[in-house]
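Colleague: Fold the following for me, if possible:
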Amino acid sequence: MKPLEYPEEVKGILSFDFDGTLFLPENEVSLEPIFYETIAGLRDEGWLWAINTGRSLLYMLEGFQQGGFPFAPDFLVAREREIYTAGDQFGRWHRVEEWHAHYMRDMAHFMEESAEFIEMMKRYIEDETAAQWIEEEGDPAGIIASSEDEMLGIAAFVEQERQSYGLVGVLRNSIYMRFTHKDYHKGSSLQELARRVGVPVEQVFAIGDGHNDIDKLHPEVAGMIACVSNSQEEVKEYVRGHGGYVAEGHGSLGSVEALRHYLGCEDKLLHRPL
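Modeller: I've put the predicted structure just below:
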């Protein structure tokens, strides 16, 4: 799987979450063909595109197969903050090492400054909730709640306690939560992509469905923000409150709807072989 030919002139960048925003595992066709046709047409006009996901790189490679991707995105952001450029002729993805080096440096500082908070949260989760405390390589810690209602209670407790720790950031989606450095999330990763390709914020489109997408659905990050109809209510309210577009369609069809709303791309579908 290779990306489409790089355009002579870059017009903007399109950023998509994957699970929920594009991929709906309950569908027989995970991503509708019209999505790929729309992307192909916009790519010919100079719009680069990226998948910005909480999945790891390996898990996202599975996602490309699940979604039946006929060509690769130009960029992949894995685990909300690992930036990769599109694969070469062998389909290999290349991590942006400069960005990764900054992240590793800042995370070392975070781990030192926030160790007390992490230990306090571990005790709270293990002693006072039905949630599961998890630790994975590359991340300081995470939580899997027993239900979405329990996660709401945990999130309120975390928000209160982390005010005394200036570097603590929270990435949350459904029953899952991860702690990280506050400066590394889907929003800052998208800003770095836009900076690298020289695209102003007005020419950045971002769409998502979960709480961990909110950081990129901000007017300072993307001039065109949207969410699909199967988004969490908190995300819909956020998008409406910031003048964005809430699609009526689910998943990839909702994403196409949002692209048409902002870019008027009905007449740009090429219906060419992909």
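
Colleague: So which residues make contact with the longest helix seen in the chain?
Modeller: Taking DSSP state H as the criterion, the chain has its longest helix at helix 97-113. Helix 97-113 is contacted from outside by 81-83, 140, 165-168, 180-181, 183-184, 192, using C-beta atoms under 8 Å, 6 or more residues apart in numbering. Glycine gets a C-beta too; all of them are placed from N, C-alpha and C.

Colleague: could you say what helices and strands the helix or strand just after that helix packs with?
Modeller: On the C-terminal side of helix 97-113, the nearest following helix or strand under DSSP states H and E is helix 115-128. Under the contact criterion of 3 or more C-beta pairs under 8 Å, 6 or more residues apart in numbering; DSSP states H and E, helix 115-128 touches strand 132-134, strand 141-144, helix 148-161, strand 176-181.

Colleague: Quick check: which of the ones you listed is nearest to Lys11?
Modeller: Comparing those against Lys11 with C-beta to C-beta, the closest turns out to be strand 176-181 (31.9 Å).

Colleague: pLDDT averaged over the helix or strand following that closest one, what's the number?
Modeller: Following strand 176-181 in sequence order, the next helix or strand is helix 186-197 (DSSP H and E). Mean pLDDT, computed over helix 186-197, is 96.

Colleague: hmm, back to that, out of the helices and strands packed on helix 115-128, which comes closest to Gly91?
Modeller: Proximity to Gly91 (C-beta to C-beta) singles out strand 176-181 among the helices and strands packed on helix 115-128, at 28.2 Å.

Colleague: so how far is the closest one off the chain centroid?
Modeller: Taking C-alpha atoms, centre = their mean, to the nearest Å, one finds the center of strand 176-181 at 14 Å from the center of the full chain.

Colleague: Could you check the pLDDT of Ser164?
Modeller: 89.

Colleague: picking up where we left off before, please find the angle between the direction vectors of the longest helix of the chain and helix 115-128.
Modeller: If you take axes from the mean of the first three to the mean of the last three C-alpha atoms, to 10 degrees, helix 97-113 sits at 70 degrees to helix 115-128.

Colleague: Just the CA trace of helix 97-113, in CSV.
Modeller: Backbone C-alpha positions of helix 97-113 (Å, rounded to 0.1, in the frame of the first residue of the first chain) are rendered in CSV as follows:
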residue,chain,number,x,y,z
GLU,A,97,12.7,11.5,14.6
GLU,A,98,13.1,15.2,15.4
TRP,A,99,9.5,15.3,16.8
HIS,A,100,10.1,12.0,18.6
ALA,A,101,13.3,13.2,20.2
HIS,A,102,11.4,16.3,21.6
TYR,A,103,8.7,14.0,23.0
MET,A,104,11.2,11.6,24.7
ARG,A,105,13.0,14.6,26.3
ASP,A,106,9.8,16.1,27.6
MET,A,107,8.4,12.8,28.7
ALA,A,108,11.5,12.2,30.8
HIS,A,109,10.8,15.5,32.5
PHE,A,110,7.1,14.6,32.9
MET,A,111,7.9,11.3,34.5
GLU,A,112,10.2,13.0,37.1
GLU,A,113,7.8,15.8,37.9
